[in-house]
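*Asks:* sequence plus predicted model, see below.
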Amino acid sequence: MLKKYQQQTLAIELLNLHAKVKIVHQATGIPVKLLRQTYRQLHGRSPSRGSIKFSTRGLTGSHRKYKDVTIFAVCFQVATTKSTESQIQTLITAFNAYKKSYPLGQLEFSDAWVVAQDIKDKRVQLSKCPQCRSWVLLKAREDLADRCSVCKIHL
Ligand SMILES: [Zn+2]
């Protein structure tokens with residue numbers, strides 16, 4: 001019973017963050033139909049049916065978006081280093097830290113989920129520019145060779 005309670009609490013926390021129903025279902029095992037109902041109760045409208053982005057590269061189309069993703073990646077790395085929580089809890093912690101430290105950031109929770117997967121699976125890699133020490137997220141951009149967005153050197 002306690003486990004069920006924890007899953008329900010987690011589901012509500014995720015839905016409050018506007019996580020996509022598919023992600024909440026995956027994290028909690030709660031039926032999609034029930035999650036959709038709960039989303040409507042919380043937000044007064046139906047959850048969007050848009051699909052989850054395929055990869056981090058799909059999220060970094062502009063310089064601003066790349067910056068959003070990089071800042072989140074830093075928050076996620078910090079949360080991962082400190083955390084003994086479950087993966088999804090670590091992601092929630094990281095996302096809240098991102099929102100708090102960068103209120104203008106437009107990354108959504110479901111996008112953050114995609115970035116976190118890519119970091120875990122080492123498809124993208126957080127690093128520091130050897131010249132100016134700015135954070136850079138390597139292999140995260142579709143078009144360009146990896147460059148520092150501050151001092152512009154190639155990495
Ligand atoms: Zn640099």
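*Replies:* Arrived safely, thanks for sending. Residues are numbered from 1 along each chain as shown.
*Asks:* specify the local secondary structure of residue 130.
*Replies:* Secondary structure state of residue 130, per DSSP: H, G, I helix; E, B strand; the rest coil, is coil.
*Asks:* quick one: neighbours of it, just the number.
*Replies:* Other residues near residue 130 number 11, with proximity taken as other Cβ atoms under 10 Å. C-beta here means a position set from N, CA and C on the backbone, and glycine is covered the same way.
*Asks:* please apply the same query to residue 110.
*Replies:* For residue 110, using other Cβ under 10 Å, the count is 21.
*Asks:* name the element it belongs to?
*Replies:* helix 109-120 (DSSP states H and E).
*Asks:* please enumerate residues in contact with that helix?
*Replies:* For helix 109-120, the surrounding residues in contact (Cβ atoms under 8 Å, 6 or more residues apart in numbering) are 14, 17-20, 23, 52-56, 58-59, 69, 72-73, 76-77, 87, 91, 94-95, 98, 107, 124-126, 140.
*Asks:* what residues does the protein have near the ion?
*Replies:* Counting by Cβ under 5 Å from the ion, the positions of the chain adjacent to the ion are 129, 131-132, 134, 148, 150-151.
*Asks:* just the buried members of those?
*Replies:* Buried members of these, scored by 16 or more other Cβ atoms under 10 Å, are 129, 148.
*Asks:* turn the residues of the chain next to the ion into TSV, including pLDDT.
*Replies:* Shown next, in TSV, are those (pLDDT from 0 to 100):
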residue	pLDDT
129	96
131	95
132	96
134	95
148	91
150	90
151	94
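*Asks:* out of the residues of the chain next to the ion, who's nearest residue 39?
*Replies:* For these, the minimum distance to residue 39 (Cβ to Cβ) is 37.7 Å, reached by residue 134.
*Asks:* the closest one - nearest residue in space that isn't next to it in sequence?
*Replies:* residue 150 (4.3 Å; Cβ to Cβ, 6 or more residues apart in numbering).
*Asks:* cool, and residue 146?
*Replies:* Residue nearest to residue 146 in three dimensions, not counting chain neighbours: residue 155, with 4.4 Å by Cβ to Cβ, 6+ apart.
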